[in-house]
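Student: model this:
(2 chains)
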Amino acid sequence: GQQLNQSPQSMFIQEGEDVSMNCTSSSIFNTWLWYKQDPGEGPVLLIALYKAGELTSNGRLTAQFGITRKDSFLNISASIPSDVGIYFCAGQEEAGNNRKLIWGLGTSLAVNP
Amino acid sequence: GAVVSQHPSWVICKSGTSVKIECRSLDFQATTMFWYRQFPKQSLMLMATSNEGSKATYEQGVEKDKFLINHASLTLSTLTVTSAHPEDSSFYICSASPPYQPQHFGDGTRLSIL
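Tutor: Down below sits the predicted model:
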């Protein structure tokens, strides 16, 4: 099935550094979502974006819905060890909930204390 | 709020047996739930969309007779892996969307078939 282009695939950073990851799509999305998954657990929603150009923050996390509606980025500022995990972007082509999501392949983040 | 509970979290069984996994929305009603499968170091792969009171919608390549889905109430969907074999071993995750919210996920079920 269709998947999003998510980069980078993995990152290894020092505690305190900022992190940036992004996703691109060949089609226009109505909604962009960012999730974090810890080993052996389900993904947890971090940020939801609904409008082109929208910039939303959740604590040290900031995400933006690209103006073309085909891309989104997630920034993490001042990383800490508990930021370790896999970050997934997901897009939704149709408006409303209960719609299928299209997923990126994930960005694996490792933080060196 | 918006809690999705999945049970069991881990199951080991012999080849040929059937395994049932439950997905519950604890504090909201869900007319639709989603079932995913995830292999190690890979992304989530949608298997099927579970619809309350009607048949599930399966993604291309997913055997509906192998992965039986029942969504008999607004808070419970079940996935039964029938006649499971080692190649069915995987991490299975369900999700549901509270009203006006994106999908929230259960904690997943690790299935190991010996």
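Student: and for chain B, the residue most distant from the center?
Tutor: The C-alpha centroid of chain B is most remote from residue B:100, which lies 21.7 Å away (CA atoms, centre = their mean).
Student: report the secondary structure element holding that one.
Tutor: Per DSSP states H and E: residue B:100 is located in neither a helix nor a strand.
Student: now for it: which residues touch it?
Tutor: Listed by CB atoms under 8 Å, 6 or more residues apart in numbering or on different chains, the contact set of residue B:100 reads residue A:97. No exception for glycine: its C-beta is placed from N, CA and C like everyone else's.
Student: so residue A:103 makes contact with residue B:42?
Tutor: No. Judged on CB atoms under 8 Å, residue A:103 makes no contact with residue B:42 at a distance of 9.9 Å.
Student: who has more neighbours out of the two?
Tutor: Between residue A:103 and residue B:42, counted using other CB atoms under 10 Å in any protein chain shown, the more crowded position is residue A:103 (26 against 13).
Student: pull the residues that contact whatever helix or strand that one lives in.
Tutor: In this assignment (DSSP H and E), residue A:103 forms part of strand A:102-103. Residues outside strand A:102-103 that contact it (CB under 8 Å, 6+ apart) are A:1-4, A:25, A:29, A:88-93, B:43-44.
Student: mind redoing it with 10 Å?
Tutor: If you take CB atoms under 10 Å, 6 or more residues apart in numbering or on different chains as the criterion, strand A:102-103 is touched by A:1-4, A:6, A:23, A:25, A:27, A:29, A:33, A:35, A:43, A:88-93, B:36, B:38, B:42-46.
Student: show me which of the residues you listed are buried.
Tutor: A:4, A:6, A:23, A:25, A:29, A:33, A:35, A:43, A:88-92, B:36, B:38, B:43-46 (16 or more other CB atoms under 10 Å in any protein chain shown).
Student: quick one on the thing from earlier: give the pairing partners of the next helix or strand after the strand holding residue A:103; include direction for each.
Tutor: Sequence order places strand A:107-112 as the next helix or strand after strand A:102-103, per DSSP H and E. Using DSSP bridges, strand A:107-112 pairs in its sheet with strand A:10-14 (parallel), strand A:85-92 (antiparallel).
Student: circling back to that earlier point, cross the contacts of strand A:102-103 against strands and list the overlap.
Tutor: With strands taken from DSSP state E, the overlap with the contacts of strand A:102-103 comprises A:6, A:23, A:33, A:35, A:88-92, B:36, B:38, B:45-46.
Student: pLDDT check: weakest of the residues you listed?
Tutor: For the ones in strands among the contacts of strand A:102-103, the weakest pLDDT value sits at residue A:92, with 91.
Student: now do the same contact list for that one.
Tutor: Residue A:92 neighbours (CB under 10 Å, 6+ apart): A:29-33, A:48, A:50, A:99-102, B:102-103.
Student: one more pass at 7 Å, please.
Tutor: Contact partners of residue A:92, counting by CB atoms under 7 Å, 6 or more residues apart in numbering or on different chains, are A:29-31, A:99, A:101.
Student: hey, what's residue B:13 bridged with?
Tutor: Under the criterion used (DSSP bridges), residue B:13 bridges to residue B:113.
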